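> model this:
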Amino acid sequence: MSKASGRIWKRDMIEQIKARIRLELAPFQSSLDRIPYLLNQIAQTEEQEPDRLIYIMTLLNTHVREGGLTDHQVKELFQLADALLTLQNIKPKSSSMAFLLGELHMLKAQLHMNDGEPLLACIEQQLVEHVSGSEPSGGNSFQSLSLARMSLRLGEANLAVTYLDRALESGVDPGFMNYAQLMKLRSLRLSHRLDEADQMSADLLQKDQSNVRLKREIQWEALCREVCRSGSIERLMEGMNPRRDYYQASYILESFFWIRAVSVLQWMDHLPKLKSLGQKKTLNFNTSSAYHRCAVHMERAYDKDIPLAHRLMLVKKILQAVHTLPDIDKVLLVHLALLRWLIRCQCREMARFVYSEYAILSLRLSGTTDALGIASDLGQKSWNK
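Modelled structure (predicted):
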């Protein structure tokens, strides 16, 4: 058994500490408030090891969801957590407290996913199962949900659906239910199982009309399926004005890339400049920093007042950032938008390579070379002309 500060570590004690800390954090509205408080509590609980460990893990979980820490801080927090567990002689599998080791590896897996590193996340996920013993952190449903997210990011949409079905059947935590359902809808769309996605959407909307956010996401997915079927973004663009529910940072960024991923230029002025949008208090692009960064570089790349050599350096920055995106549909959109820009700028050789990236990823997702449904013209293109 593990001991600290005269207390024997037990699971129910850890759960009580977690519950108390959740109550402490309830008054804080954002990570800007929570992070300083948690850092202070970590400094103040040096003699209370179990409390200190849970404050550390809570802070890391906050960073996973909202960001706010530097890479150096994250590294130091993991090192401190590992040291506390080692000090208590908590062993993989055999210790009754081994689930704490699993929770740390789960946090590392989630951070790798946030950084667009699904293979590294898979390694950490395997470690979760290896170290946690008979009770894996989060339960079997959460393990399946995590594997679904990794599968989808790697382009295995059908495998993601299998894992999501397993998670939903085994009882996903209510806090993750909507996330799992929306991930399944997205996986069905990207694998071109559009009729199944239609039926699932209808079932979800019939079951619950009260959740406004879920309903909005379901309807957005329906618009994306319409794009896949028709090859046109017209209906999707109808929702992109300040009077509609979709005029939010995440949908604006996605629309920005849909506009530049299609073969026509008619929608290019449909949205204001990103700099203007960023000045609106109602829009927060901070939670999508890498995606927003790709959009800013893409917008500048279309500025003909900038020399082409400088704009090509912006393309390099986009290619460096796109692989850090955690969502495969965003990776597809950025690649296709970038490909259209390269074609328009007569950069044919580079365009051929970017098309290969898009087509290969599409094949893994959907069995076709066009998972998004708006690049059929490129499959017939002669890249030598």
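> got a list of what Met240 touches?
Tyr246, Tyr247, Tyr251, Ile252, Ser255, His270, Leu271 (C-beta atoms under 8 Å, 6 or more residues apart in numbering). Heads up, the C-betas are built off the backbone N, CA and C, glycines and all.
> repeat that for 10 Å
Residues touching Met240, when contacts are defined by C-beta atoms under 10 Å, 6 or more residues apart in numbering, comprise 233, 246-247, 251-252, 254-256, 258-259, 267, 270-271.
> before we move on, what about Gln16?
When the contact criterion is C-beta under 10 Å, 6+ apart, the partners of Gln16 are Lys10, Pro50, Ile54.
> For Gly367, state which of those residues is nearest.
Taking C-beta to C-beta as the measure, Ile54 is the one of these closest to Gly367, at 45.6 Å.
> which stretches of the chain aren't confidently modelled?
Along the chain, segments meeting pLDDT under 70 span 1-7, 133-138, 286-288, 383-385.
> Tell me where the stretch 251-385 of the chain has strands.
Chain-ordered strands for the stretch 251-385 of the chain, with DSSP state E, counting those that start in this stretch as the definition, do not occur.
> hmm, back to that, quick one: which of the contacts of Gln16 is nearest Leu338?
When those are ranked by distance to Leu338 (C-beta to C-beta), Ile54 comes first, at 43.3 Å.
> Please name the spatially closest residue to Met150 (chain neighbours excluded).
Once flanking residues are discounted, Met150 sits nearest to Pro118: 4.8 Å by C-beta to C-beta, 6 or more residues apart in numbering.
> same check, this time on Val296
Leu274 is the one closest to Val296 (C-beta to C-beta, 6+ apart), at 5.7 Å.
> I'd like to know how many residues surround the residue nearest to Met150.
Using other C-beta atoms under 10 Å, Pro118 has 21 other residues around it.
> What of Ser230?
When neighbours are counted by other C-beta under 10 Å, Ser230 comes out with 12.
> List the contacts of the nearest residue to it once chain neighbours are set aside.
Nearest-residue entry for Ser230: Gly373, 7.8 Å, with adjacent residues in sequence omitted and distances by C-beta to C-beta, 6+ apart. Neighbouring residues of Gly373 by C-beta under 10 Å, 6+ apart: 189, 192, 194, 224-232, 362, 366.
> again with Gly367
Neighbours of Gly367 in contact, by C-beta under 10 Å, 6+ apart: Ala157, Asn158, Ser191, His192.
> Identify the farthest-apart pair in those residues.
Checking the contacts of Gly367 against each other with C-beta to C-beta, the farthest-apart pair comes out as Asn158 and His192, at 10.1 Å.
> Looking at the contacts of Gly373, which is nearest Asp377?
Gly231 (8.9 Å).
> Pop out the phi and psi values for the residue most central in space within the chain.
Relative to the mean C-alpha position of the chain, the nearest C-alpha, by C-alpha atoms, centre = their mean, is the one of Pro326, at 4.1 Å. In this entry, Pro326 is assigned phi and psi values of phi -80, psi -10 (degrees, to the nearest 10).
> List the contacts of it.
110, 112-118, 121, 149, 152-153, 290-291.
> Okay then, goodbye and thanks.
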